[in-house]
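Engineer: below: sequence and its predicted model.
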Amino acid sequence: MNRVSLVATAALAAAAFSTQAATAQTLKTVKDRGQLSCGVSQGLPGFSAPDDKGNWAGLDVDVCRAIAAAILGDANKVKFVPLSAKDRFTALQSGEIDVLSRNTTWTLSRDTSLGANFTGVTYYDGQGFLVKKSLKVNSALELNSASVCVQTGTTTEQNLADYFRGNNMKYEVIAFTSADETVKAYESGRCDVFTSDVSQLYAERLKLSNPADHAVLPEVISKEPLGPMVRHGDDQWFDIVKWTLFAMVDAEELGITQKNVDEMAKSDKPELKRAFGTDGNLGEQLGLTKDWVSRIVKAVGNYGESFDRNVGAGSKLGIARGLNQLWNKGGIQYAPPIR
């Protein structure tokens with residue numbers, strides 16, 4: 001091997017070592033700390049909200065707990081950091097949180113300009129409108145000249161502008177910095193309409209004094225794929241968070257549940273043996289243990305169980321699975337295979 005080749009090889013080796021060291025940083029930090037720091041909403045029922053004793057629950061919370069279970073073996077080793085829409089990205093960029101799991105829409109600009117990566121889609125959503133039934137409005141196309149309450153720091157304002165201009169309608173924006181302020185303003189009559197992601201409208205409606213007096217209009221005016229985010233530059237951490245979500249989705253497809261996980265782990269089916277770590281070393285490739293999938297499912301269940309418990313048929317929200325049904329059951333929720 002000539003001198004040039006030796007130098008090139010050494011440089012490649014050094015770069016590889018440097019990359020490996022960098023990619024292990026967040027995982028090591030979490031392990032050394034013994035706790036995951038997870039950014040969540042300031043209180044959105046079904047997704048991330050504390051009860052009167054301070055115990056957090058929701059679909060986004062389950063993702064946090066699943067990550068902690070996969071890494072630390074304990075789904076309770078999570079510090080939940082409530083963040084406003086305005087502050088959520090700064091908290092991630094600064095290192096205050098390890099992962100942001102807070103009903104955040106995946107867009108090109110966010111994926112490229114914030115120094116962060118989306119790791120998947122926990123909920124396929126779209127923007128809609130909540131109105132008082134007393135207005136006798138049955139369609140968003142009847143909202144010409146309406147005043148609309150929105151929360152700043154979200155994608156809703158641009159979507160709102162696109163929709164109204166596209167339909168040659170006038171409107172007035174009344175903006176607030178927090179979701180609670182927005183909902184209170186809507187309920188007090190400061191605006192005619194409250195617009196946000198449809199899932200959030202169902203959640204926020206529960207906070208109103210008379211939820212049955214309000215209706216979500218049928219129009220969905222945007223694509224809002226919601227999912228967790230991690231910082232750029234840590235590929236191993238990106239893979240762990242991404243595959244934690246994928247494991248929940250794949251577990252549902254494979255029929256693995258909280259109740260049957262131990263029994264399913266005894267199966268001789270190749271796909272189950274790979275998932276449970278009895279064949280191969282896929283968990284170790286992520287920097288986790290062989291039983292990482294078992295830890296996740298035991299902690300929070302599969303994706304379908306989490307969905308139903310938090311936002312679906314088994315919850316107060318009662319949202320239909322719709323697009324969030326598995327790909328082989330009429331939806332578009334899909335995860336790469338564990339192999």
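Structural biologist: Nice, I can see it. Residues are numbered from 1 along each chain as shown.
Engineer: which regions of this protein sit below the pLDDT cut-off?
Structural biologist: Low-confidence segments of the chain (pLDDT under 70): 1-24.
Engineer: quick check, central residue of it?
Structural biologist: residue 227 (3.2 Å; Cα atoms, centre = their mean).
Engineer: right, and it touches residue 116 too?
Structural biologist: No - shown here, residue 227 and residue 116 do not form a contact pair, counting by Cβ atoms under 8 Å, at 11.3 Å. Where C-beta positions appear, they are placed from N, C-alpha and C, glycine not excepted.
Engineer: mind listing the strands for the stretch 1-150 of the chain?
Structural biologist: For the stretch 1-150 of the chain, the strands defined by DSSP state E, counting those that start in this stretch occupy 36-40, 49-50, 56-57, 78-82, 99-100, 116-118, 123-125, 127-132, 146-151.
Engineer: list the neighbouring strands of the second one plus their orientation.
Structural biologist: The strands beside strand 49-50 in its sheet (DSSP bridges) come out as strand 56-57 (antiparallel).
Engineer: which other residues reach the strand it pairs with?
Structural biologist: 40, 48, 49, 50, 51, 78, 80, 310 (Cβ atoms under 8 Å, 6 or more residues apart in numbering).
Engineer: how about the helices in the protein?
Structural biologist: Per DSSP state H, the chain carries helices over the ranges 3-23, 25-33, 59-72, 88-94, 108-113, 156-166, 179-188, 198-205, 235-254, 261-264, 270-276, 282-286, 292-300, 303-310.
Engineer: residues contacting residue 172?
Structural biologist: Applying Cβ under 8 Å, 6+ apart, the residues near residue 172 are 145, 146, 147, 148, 191.
Engineer: can you pull up the bridge partners for the spatially closest residue to the fourth one that is not a sequence neighbour?
Structural biologist: Read it as residue 148. Leaving aside its sequence neighbours, residue 148 sits nearest to residue 193 (Cβ to Cβ, 6 or more residues apart in numbering; 4.7 Å). For residue 193, the beta-bridge partners under DSSP bridges are residue 131, residue 148.
Engineer: distance of residue 193 from residue 149?
Structural biologist: Counting by Cβ to Cβ, to the nearest Å, the gap from residue 193 to residue 149 is 7 Å.
Engineer: so for those two, which residues contact both of them?
Structural biologist: Common contact partners of residue 193 and residue 149 (Cβ under 8 Å, 6+ apart): residue 186.
Engineer: pick out whichever of the contacts of residue 172 sits closest to residue 331.
Structural biologist: For the contacts of residue 172, the residue nearest residue 331 by Cβ to Cβ is residue 148; the value is 29.9 Å.
Engineer: that closest one touches residue 191, doesn't it?
Structural biologist: Yes - using Cβ under 8 Å, residue 148 is in contact with residue 191, at 5.9 Å.
Engineer: what sits in contact with each of those two?
Structural biologist: Both residue 148 and residue 191 are in contact with 172, 174, where contact means Cβ under 8 Å, 6+ apart.
Engineer: ok, residue 258 - how many residues close by?
Structural biologist: Neighbour count of residue 258, defined by other Cβ atoms under 10 Å: 15.
Engineer: next one: residue 314
Structural biologist: Using other Cβ under 10 Å, residue 314 has 12 other residues around it.
Engineer: nearest spatial neighbour of it, chain-adjacent residues omitted?
Structural biologist: residue 308 (4.5 Å).
Engineer: am I right that the residue nearest to residue 148 is in contact with residue 150?
Structural biologist: No - between residue 193 and residue 150 there is no contact under Cβ under 8 Å: 9.4 Å.
Engineer: give me the contact list for stretch 71-85.
Structural biologist: Residues from elsewhere that reach stretch 71-85 (Cβ under 8 Å, 6+ apart): 27, 30-31, 34-43, 48, 50, 56, 61, 64-66, 68-69, 91, 96-97, 100, 102, 151-154, 177-179, 240, 288, 295, 299-300.
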